[in-house]
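Student: Quick one: sequence plus predicted model below, questions after.
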Amino acid sequence: MSTQVVTLNLPGAITDNGNRPLLMHEIRDLARRRNAIILAHNYQWPDVQDVADFTGDSLGLSLEAQKTDAEIIVFCGVHFMAESAKILNPEKKVLLPNLSAGCSLADSITAESLDEWKRRYPGYAVVTYVNSTAEVKAMSDICCTSANAVSIVRSLPARKILFTPDRNLGNWVKKQVPEKEIVVYDGACPTHDVLRGANISKTRSVHPDAVVFAHPECREDIIALADEVCSTTAMIERIAKYPGAKTFIVATESGIVHQMKKRYPGREFIMADGCIGCRLHCPYMKMITLADVKRALVETKFEITVEPEILASARVALDRMLAAPRDN
Ligand code: 13P
């Protein structure tokens, strides 16, 4: 854990009364005394990332949650991520510091709509993106994240697949695995889906030598213009592939730039919409503040619970995913 604070010039990034170093110190002290681990997604506010023991993508966070010895997991991300941590650690307390941190993509599919869809496509294997509720995971054959979706679909024995709920990720997988018959559900992440190829072209016209990184939740026209299409952690790792590149255009949520700048302070990272924090800003991810993290540790709030029967079935789908390799 690094306590070095590197801030992005984002509106609303000040998440406490100004005494941020003291608050961060208190949080670290509380975490130690309560035997808690703090996990943060790459989209969290910079100060929340800096106070965490581990910052990563959805897959990395699930793996970290699976192997921790801590009694309490404070999950700085959105609800479905904390729920996955609970499914993988039923005996531990999993806390989400702000219960309003949901996910509109996860909400786009319910147990009822998946049930109806499964009846429409009998015999299809269901591959569900982790951006989904425990109920939906429990009805799926296997889960995936943006870091392993292609490998998982490719390695499944089934040829016919229902991919849910993200249509952009599903269409990306479909292109990579043409030998499978893949039916894609019609959900999308509004933060990614708002981008158009024209945004990239415009930003690139100002930075013609820039390398373009896109998350597979982006639409096809963005993917077509990208040099790399991958998960958030893979984006950070792939910077090393371009030792001569000075500028990177980033088509995903703006929080990721914090880790990129920390690791590569000499490089320039530009949001694909050309406007830091305007459109590429997930309102749910940004609901968790340092003050919320402190309250979570002091008051043991908000504890995530999952019904045992749902938990057991969702666990099968998540365990199968965790046994699969990363895409690259
Ligand atoms: P990652 O798989 O890179 O963590 O992305 C998760 C996500 O929710 C993207 O919107």
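Tutor: That came through, no problem.
Student: Now the residue nearest the centre of the chain: closest residue in space, sequence neighbours ignored.
Tutor: For the chain, the residue nearest the mean C-alpha position is residue 58 (4.4 Å; C-alpha atoms, centre = their mean). Distance criterion C-beta to C-beta, 6 or more residues apart in numbering; nearest residue to residue 58, sequence neighbours excluded, is residue 145 at 4.3 Å. In short, each C-beta sits where N, CA and C put it, glycine included.
Student: same check, this time on residue 46
Tutor: residue 258 (4.3 Å).
Student: Kindly report the same for residue 137.
Tutor: Distances taken as C-beta to C-beta, 6+ apart place residue 314 nearest to residue 137, at 3.9 Å, with adjacent residues excluded.
Student: For the strand or helix carrying the one you found, name the packing helices and strands.
Tutor: According to DSSP states H and E, residue 314 maps onto helix 308-323. With contacts defined as 3 or more C-beta pairs under 8 Å, 6 or more residues apart in numbering; DSSP states H and E, helix 308-323 has these neighbours: helix 58-67, helix 79-88, helix 134-138, strand 142-144.
Student: Need the winner for burial among these.
Tutor: The highest average neighbour count among those, using mean count of other C-beta atoms under 10 Å, belongs to strand 142-144 at a mean of 27.
Student: which residues sit against the very next helix or strand once past that one?
Tutor: Heading C-terminal from strand 142-144, the first helix or strand you meet, by DSSP H and E, is helix 149-155. The contact list for helix 149-155 (C-beta atoms under 8 Å, 6 or more residues apart in numbering) reads 127, 129, 142, 144, 161, 163, 169, 172-173, 176-177, 180, 182, 216, 321, 324-327.
Student: quick one: pLDDT of the nearest residue to residue 254 once chain neighbours are set aside?
Tutor: Closest residue to residue 254 apart from its sequence neighbours, by C-beta to C-beta, 6+ apart: residue 280 at 4.9 Å. With respect to pLDDT, residue 280 scores 90.
Student: neighbours around residue 280, how many?
Tutor: For residue 280, the neighbour count with other C-beta atoms under 10 Å is 26.
Student: One more: residue 274?
Tutor: As a burial measure, residue 274 scores 17 neighbours (other C-beta under 10 Å).
Student: Could you do residue 285 as well?
Tutor: Residue 285: 24 neighbours (other C-beta under 10 Å).
Student: same thing with residue 180?
Tutor: Residue 180: 18 neighbours (other C-beta under 10 Å).
Student: is it true that it touches residue 157?
Tutor: No: using C-beta atoms under 8 Å, residue 180 is not in contact with residue 157, being 10.8 Å away.
Student: contacting residues around residue 71?
Tutor: Contacts of residue 71 (C-beta under 8 Å, 6+ apart): 34, 35, 36, 92, 93.
Student: Repeat that for residue 39.
Tutor: Each residue near residue 39 by C-beta under 8 Å, 6+ apart is listed here: 52-56, 61, 64-65, 73-77, 85.
Student: residues in contact with the residue nearest to the centre of the chain?
Tutor: For residue 58, the contact set (C-beta under 8 Å, 6+ apart) comprises 41, 81, 84, 130, 131, 145, 146, 147, 231.
Student: so who does the residue lying closest to the third one once chain neighbours are set aside touch?
Tutor: By that I understand residue 84. Excluding its sequence neighbours, the residue lying closest to residue 84 (C-beta to C-beta, 6+ apart) is residue 62, at 5.6 Å. By C-beta under 8 Å, 6+ apart, residue 62 lies in contact with 84, 85, 88, 130, 145, 318, 321, 322.
Student: again with residue 48
Tutor: By C-beta under 8 Å, 6+ apart, the residues touching residue 48 are 15, 40, 76, 288, 289, 290, 293.
Student: hmm, 7 Å instead?
Tutor: 40, 76, 288, 290, 293 (C-beta atoms under 7 Å, 6 or more residues apart in numbering).
Student: cool, residue 207 as well?
Tutor: The contact partners of residue 207, by C-beta under 7 Å, 6+ apart, come to 247, 249, 270.
Student: Surely the first one and residue 268 touch.
Tutor: Yes: Residue 247 is in contact with residue 268 according to C-beta atoms under 7 Å; the separation is 4.4 Å.
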